[in-house]
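predicted coordinates and the sequence they were generated for:
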Amino acid sequence: FGTYYTSITCAFCKYNEFIFFPYIFGYYSINQVYLYKIITWKNGKNTLYSNKIINPYEINIYDCLNYDQQIKTSFQLCKNCGYTIIHYHQNFIFVTSTILSFIFNKNDYMPNNINFLIEENINVNNFVEDKQIKNYELIGIIYYFYPNRYIAYSKNTTDKKWYCYEDESTSVKNNFQEVIANNYIPYMLFYKQL
């Protein structure tokens with residue numbers, strides 16, 4: 001398990017509350033992540049893209065983690081002032097787990113021009129409260145194809161080759177570029193801490 005925390009701020013008295021809760025995986029709508037990236041980039045409110053030229057049709061894991069930290073609003077009772085008022089809250093990763101799993105909504109409406117860039121190695125240091133170096137290596141991918149067809153890839157950490165599993169057949173890919181060559185949008189990604 002990892003640990004998320006939510007920072008909640010009362011819009012009336014500015015009281016801050018922190019709620020901690022465990023997580024096993026991050027769940028995302030790629031379409032929503034894409035729209036959030038475009039809107040915040042155009043408004044200059046996304047620090048990931050400030051002063052950068054970006055390809056608006058490419059998204060990756062960092063876009064998903066940034067989407068997690070967006071400010072959301074809800075109506076609830078403030079524990080300090082007692083008013084039911086708009087609260088602003090954000091989700092942050094407090095502690096990461098050994099394995100980071102990302103799941104994407106396979107029933108999501110996806111524009112054909114979006115390209116999901118799968119990163120072989122990621123560093124989530126900027127998204128975690130604990131500022132130790134958090135490097136992860138991709139060890140597994142599951143692709144979903146309509147209707148109900150799956151292809152799984154698993155990295156052998158000994159020989160560094162990728163093994164493809166599709167129904168009864170198994171094949172070997174010698175490098176990561178062969179695994180992502182078709183630019184399919186993933187259904188699940190698994191990263192292991194280095």
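Everything's here; your move.

going forward, measure contacts and count neighbours with C-alpha atoms only.
Will do.

and the next element down the chain from the helix or strand of the chain with the lowest mean pLDDT?
Lowest on mean pLDDT, DSSP states H and E among the helices and strands of the chain sits strand 84-95, with a mean of 75. Helices and strands here follow DSSP states H and E; after strand 84-95, the next one along the chain is strand 99-104.

what is the mean pLDDT for that following strand?
Strand 99-104 comes out with an average pLDDT of 94.

where in this protein is pLDDT low?
Low-confidence segments of the chain (pLDDT under 70): 44-54, 85-87, 109-112, 131.

in it, which residue is closest to the centre?
Taking C-alpha atoms, centre = their mean as the criterion, residue 64 is the residue nearest the geometric centre of the chain, at 3.6 Å.

Three-state assignment for the closest residue to residue 191 other than its chain neighbours, please.
Among residues not flanking residue 191 along the chain, residue 138 sits closest, at 4.3 Å (C-alpha to C-alpha, 6 or more residues apart in numbering). Secondary structure, DSSP: H, G, I helix; E, B strand; the rest coil: residue 138 is strand.

my read: residue 138 touches residue 119, true?
Yes: taking contacts as C-alpha atoms under 8 Å, residue 138 lies within contact range of residue 119: 7.5 Å.

hmm, back to that, count of neighbours near the residue nearest to residue 191?
22 (other C-alpha atoms under 10 Å).

next up, the contacts around the residue nearest to the centre of the chain.
Residue 64 makes contact with 28, 30, 33 under the criterion C-alpha atoms under 8 Å, 6 or more residues apart in numbering.

distance between the helix or strand containing it and the chain's centre?
Following DSSP H and E, one finds residue 64 within helix 61-68. Offset of helix 61-68 from its chain centre (C-alpha atoms, centre = their mean, to the nearest Å): 5 Å.

one step back: tabulate the CA atom coordinates of the least confident helix or strand of the chain in PDB.
What follows is strand 84-95, C-alpha atoms only, in PDB (Å, rounded to 0.1, in the frame of the first residue of the first chain):
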ATOM      1  CA  THR A  84     -21.600  24.200   5.300                       C
ATOM      2  CA  ILE A  85     -19.600  25.900   2.600                       C
ATOM      3  CA  ILE A  86     -17.400  25.200  -0.400                       C
ATOM      4  CA  HIS A  87     -14.200  23.300   0.500                       C
ATOM      5  CA  TYR A  88     -11.200  23.200  -1.700                       C
ATOM      6  CA  HIS A  89      -9.300  19.900  -1.600                       C
ATOM      7  CA  GLN A  90      -6.300  18.300  -3.400                       C
ATOM      8  CA  ASN A  91      -4.900  14.800  -3.300                       C
ATOM      9  CA  PHE A  92      -1.200  14.200  -2.700                       C
ATOM     10  CA  ILE A  93       0.900  11.100  -2.500                       C
ATOM     11  CA  PHE A  94       2.300  11.000   1.100                       C
ATOM     12  CA  VAL A  95       4.100   7.700   0.800                       C
END
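
report the inter-axis angle for that strand versus helix 61-68.
150 degrees (axes from the mean of the first three to the mean of the last three C-alpha atoms, to 10 degrees).

which elements pack onto strand 84-95?
The criterion is 3 or more C-alpha pairs under 8 Å, 6 or more residues apart in numbering; DSSP states H and E, and the helices and strands that strand 84-95 contacts are strand 2-10, helix 61-68, strand 72-77.
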